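Chemist: Attaching a predicted model along with its sequence, questions to come.
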Amino acid sequence: MTPRTQAEVARRTYNPRAATYEDSWHAAYSPVFIGLLPLRPGNRVLSLCCGTGLDAFAAAAAIGPRGHVVGIDVSEAMLEVARAKRTASGDEVVKLICHDATDLGSLTGEEAALVQPGGFDVVVCSNALFMFEDPVAVVRH
């Protein structure tokens, strides 16, 4: 069966790679990328297509315990890796949500409360914009 939506393509692509994703160049790239951002202690960061949390945890280290990071991804397998890292580290700054980054308006309840319009100082989407049919619309949203 051929995937029809961007979310289906992402799941099909990344679920099988989750266990070994950080064995690639991504693990070295994320701290450098996050280091280029003007993050400050206490910032609120939204990490779209956060995968295994490489950017999210690097951002959390930069903003400290008074900030917060919300990571969004459609790949449950990638988020399982991120959740295991969060549990192992005792991190309370990073929150993770399994959802389509192109449709944040459909979040409900506690998850919707985490992703309020205008609720972030910085939004990152590293190495994933190419997957969106309309990346400008995703960033604008």
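Modeler: Here it is on my side, so go on.
Chemist: Can you tell me which helices and strands the strand or helix carrying Ala62 packs against?
Modeler: Using DSSP states H and E, the secondary-structure element containing Ala62 is helix 54-63. The elements that helix 54-63 packs onto, with contact taken as 3 or more C-beta pairs under 8 Å, 6 or more residues apart in numbering; DSSP states H and E, are helix 26-35, strand 44-48, strand 68-73, helix 76-89, strand 94-98, strand 122-124. All C-beta spots, glycine's among them, are computed from the backbone N, C-alpha and C.
Chemist: what's the spacing between it and its chain's center?
Modeler: 10 Å (C-alpha atoms, centre = their mean, to the nearest Å).
Chemist: try stretch 92-106
Modeler: Counting by C-alpha atoms, centre = their mean, stretch 92-106 is centred 8 Å from the centre of its parent chain.
Chemist: again with stretch 27-46
Modeler: On C-alpha atoms, centre = their mean, the centre of stretch 27-46 falls 12 Å from that of its chain.
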